[in-house]
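S.K.: 3D model of this:
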Amino acid sequence: MITNRNLALLIGFGMALAVGTALGFQHIGGYIPCKLCLEQRTAYYVGVPFMIGTAIAASHGTRPRLVKALFGIGVLLMIWTMGLGIYHAGVEWAWWAGPDNCAGASSTVSEAGSLLDSLSQRPPSCDQAAGRFLGISFAGWNVLAAAMLALLCLYGALRRQPDAKV
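M.R.: Below is the predicted model:
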């Protein structure tokens, strides 16, 4: 059976992989994230170091109730980003209106590679999916990743197996 330490490290790695993939699409693939895309990443930025801290706590013989509570906070972080992802996907599919401050604007382009041009770029509108893979937008993939990570955190929060000191 997997220890709480290893489970927390696995979840932390999954969170890092999820946000790293988003950053890769942005910086390598050239997909400019909208405001809602950036907000969905916050839970991962908080969650990765938090899960590392959970792994440290679990490996140092911290009370099982506290370790379970830390996993519970991980569940809440993933539910938060999952909710944002559901909201964002709904905006992309025009099921409901997006936030007023998330309207896109075209950027002014005068010369290719100009610093001024790169500074004048504005994020795209939240109602336009930056890309789709297998028919699912990046927001939709975030929902799936966050749901899987939330289930792993929930497993850590609810399981009865006490950790042996590593």
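S.K.: this protein: helices as residue ranges?
M.R.: 4-27, 35-59, 64-92, 115-120, 138-158 (DSSP state H).
S.K.: where does the protein have low pLDDT?
M.R.: 103-123, 161-166 (pLDDT under 70).
S.K.: just checking, V46 touches L76?
M.R.: No. The criterion here is Cβ atoms under 8 Å, and V46 misses it with L76 at 10.5 Å. Just so you know, the C-beta spots here come from the backbone N, C-alpha and C atoms, and that holds for glycine as well.
S.K.: those two: which is more packed in?
M.R.: Using other Cβ atoms under 10 Å, the more surrounded residue of V46 and L76 is V46, with 16 against 13.
S.K.: residue contacts, the more buried one?
M.R.: Neighbour list for V46: L77 [criterion: Cβ atoms under 8 Å, 6 or more residues apart in numbering].
S.K.: try G131
M.R.: F25, G29, Y31, S137, F138.
S.K.: repeat that for Y44.
M.R.: M15, A16, A18, V19, T81.
S.K.: distance to M1 and neighbour count for those - can I get that in JSON lines?
M.R.: Shown next, in JSON lines, are the contacts of Y44 (distance: Cβ to Cβ, whole Å; neighbours: other Cβ atoms under 10 Å):
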{"residue": "M15", "distance to M1": "22", "neighbour count": "29"}
{"residue": "A16", "distance to M1": "24", "neighbour count": "17"}
{"residue": "A18", "distance to M1": "25", "neighbour count": "25"}
{"residue": "V19", "distance to M1": "28", "neighbour count": "21"}
{"residue": "T81", "distance to M1": "28", "neighbour count": "27"}
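S.K.: to G98, which of the helices of the chain lies closest?
M.R.: Nearest to G98 among those is helix 64-92 (3.8 Å), distances taken as Cβ to Cβ.
S.K.: identify each buried residue in the closest one, please.
M.R.: For helix 64-92, a neighbour-count test (16 or more other Cβ atoms under 10 Å) marks 67-68, 70-71, 73-75, 77-82, 84-89, 91-92 as buried.
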